[in-house]
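**Student:** no letters, just coordinates:
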């Protein structure tokens, strides 16, 4: 049986980019001592300055007092080597999404960390078992997928590897609670719960552009349904270039028709809000998205280049395809026991992806529509657009038995 320190007292974070900074702030806020390592010490210095600004802002807003801000700052210690992490109870790796790089870091950690220490990766999609496999203690390895900015976003996906010990999972859940997070345990697959479902949702949104819709039209439809923002506004906020660079790095996916509009935008340096233009235009210093007819022209050009005959697409079709893509993938996740129940999927979407709270989450929404009706609608989409719309086996079963997604627990009805 794996023994872990309970409660966790000392954590370490590797990486001082945007994610690393938010994670360090979250840990210090929760009362842990935090060791901070980056191969560029200047990044840690900049991170400490950002953390101090965050706490000063909280003091000014009356959320904490000066003494609490000073206590939080005093919990963070910059370190220069892996050896300095030897006594950490938990280490969270927060470098960019590259499996080889993460594996190298975990080999180093495995060599220096004490027995019982937890090794976590803040990956958003990579194989946690492939990371655990390079260590001599796969039972101590798991994913802790924070959402950006990590000190503000409530969601934490805790990813259990094939060999993750129950005590390690429990310690991670307790830590999530201490940090004030909504912690959801997910199984290990590409993208886990949230990003795996997001992939199918944004793919439909992108295909709708090629078939005849416009970015502002797709966003307006989904925002009208109640989403905090539509997919193209979302990409402008997070940076269109992140996936583009990941595809470049992986050497695959750049020729997929669905991403051709994104590729052209990135080639033009239109990375989103941070560059002042992406799918939309942004005035200097403003986050207000303005419609840009140049993007409509670019969408039309890519659409025609790929051989699509553009047609009018209404709000109803936009909602149907984007929402049912989410639900069908959610059903596969339930079926495979990647999520323990439909409520966990809904919690991920309500707290990490801006799904409208009043609709309860994608699976609760689908239960309200009726699984038999969802099944019928998916069959119609299969007939019209092809086999990728084939209803998940779980949907067929629930529809036949007149049951709901909420009746499923750990893959069983």
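**Tutor:** Perfect, I can see it now. Since the model is a prediction, treat every value here as computed from it, not as a measurement.

**Student:** the residue nearest to residue 216 when sequence neighbours are not counted: how many residues sit nearby?
**Tutor:** Across the structure, with Cβ to Cβ, 6 or more residues apart in numbering as the measure, the residue nearest residue 216 apart from its sequence neighbours is residue 291 (5.1 Å). Where you see a C-beta, it was placed from the backbone N, CA and C, and this is true even at glycine. For residue 291, the number of neighbouring residues by other Cβ atoms under 10 Å comes to 12.

**Student:** also residue 57?
**Tutor:** Here the number of neighbours of residue 57 (other Cβ under 10 Å) works out to 11.

**Student:** how far away is the residue nearest to residue 216 from residue 114?
**Tutor:** 56 Å (Cβ to Cβ, to the nearest Å).

**Student:** that older thread, quick check: phi and psi on the residue nearest to residue 216?
**Tutor:** Note on residue 291: backbone dihedrals following degrees, to the nearest 10 are phi -60, psi 140.

**Student:** mind listing what it touches?
**Tutor:** Contacts were defined as Cβ atoms under 8 Å, 6 or more residues apart in numbering; by that measure residue 291 touches 216, 280, 281.

**Student:** check the first one and give its pLDDT.
**Tutor:** In other words, residue 216. If you check residue 216, the pLDDT there is 97.

**Student:** returning to what we had before: return the member of the contacts of residue 291 nearest to residue 47.
**Tutor:** Distances from the contacts of residue 291 to residue 47 were compared by Cβ to Cβ; the smallest belongs to residue 280, at 29.8 Å.

**Student:** these two touch, right, that closest one and residue 235?
**Tutor:** No - look at residue 280 against residue 235 with Cβ atoms under 8 Å: they stay out of range, at 10.0 Å.

**Student:** what residues sit buried inside the lowest-mean-pLDDT helix or strand in the chain?
**Tutor:** Counting by mean pLDDT, DSSP states H and E, the chain has its least confident helix or strand at helix 241-250, which shows a mean of 86. Residues of helix 241-250 classed as buried under the neighbour-count rule (16 or more other Cβ atoms under 10 Å) are 241, 242, 243, 244, 247.

**Student:** from those, which single one is nearest residue 70?
**Tutor:** The shortest gap between residue 70 and any of the buried residues of helix 241-250 belongs to residue 242, at 35.2 Å (Cβ to Cβ).

**Student:** from residue 199, how far out is residue 221?
**Tutor:** Look at residue 221 and residue 199: by Cβ to Cβ, they are 19 Å apart.

**Student:** which of these two has more neighbours?
**Tutor:** Summary of the neighbour comparison: residue 221 and residue 199, criterion other Cβ under 10 Å, with residue 221 having more neighbours (23 against 15).

**Student:** doesn't the more buried one fall inside a strand?
**Tutor:** No - the assignment for residue 221 (DSSP: H, G, I helix; E, B strand; the rest coil) gives helix, which keeps it out of a strand.

**Student:** wait, it touches residue 321, no?
**Tutor:** No - using Cβ under 8 Å as the test, residue 221 is too far from residue 321 to be in contact (10.2 Å).

**Student:** okay, now residue 139: neighbour count?
**Tutor:** Based on other Cβ under 10 Å, the number of other residues close to residue 139 is 17.

**Student:** that one: what secondary structure?
**Tutor:** helix.

**Student:** element containing residue 95, please.
**Tutor:** Element membership for residue 95, per DSSP states H and E: none, as it lies in no helix or strand.

**Student:** what ranges does the stretch 151-300 of the chain have for its strands?
**Tutor:** 155-160, 182-186 (DSSP state E, counting those that start in this stretch).

**Student:** save the ones you listed as JSON lines, and put in mean neighbour count too.
**Tutor:** As requested, these are arranged in JSON lines below (neighbours: other Cβ atoms under 10 Å):
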{"stretch": "strand 155-160", "mean neighbour count": "25"}
{"stretch": "strand 182-186", "mean neighbour count": "22"}
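
**Student:** just for the stretch 101-250 of the chain, where's the confidence low?
**Tutor:** Under the criterion pLDDT under 70, no range of the stretch 101-250 of the chain is flagged.

**Student:** give me that answer again for 90
**Tutor:** Residues of the stretch 101-250 of the chain that meet the criterion pLDDT under 90 lie in 125, 148, 238, 242, 245-250.

**Student:** quick one on the thing from earlier: okay, residue 280 and residue 235: which has more neighbours?
**Tutor:** Legend: neighbour count by other Cβ under 10 Å for residue 280 and residue 235, higher for residue 235 (26 against 22).

**Student:** relative to residue 278, how far out is the more buried one?
**Tutor:** Where residue 278 is concerned, residue 235 sits at a distance of 7 Å (Cβ to Cβ).
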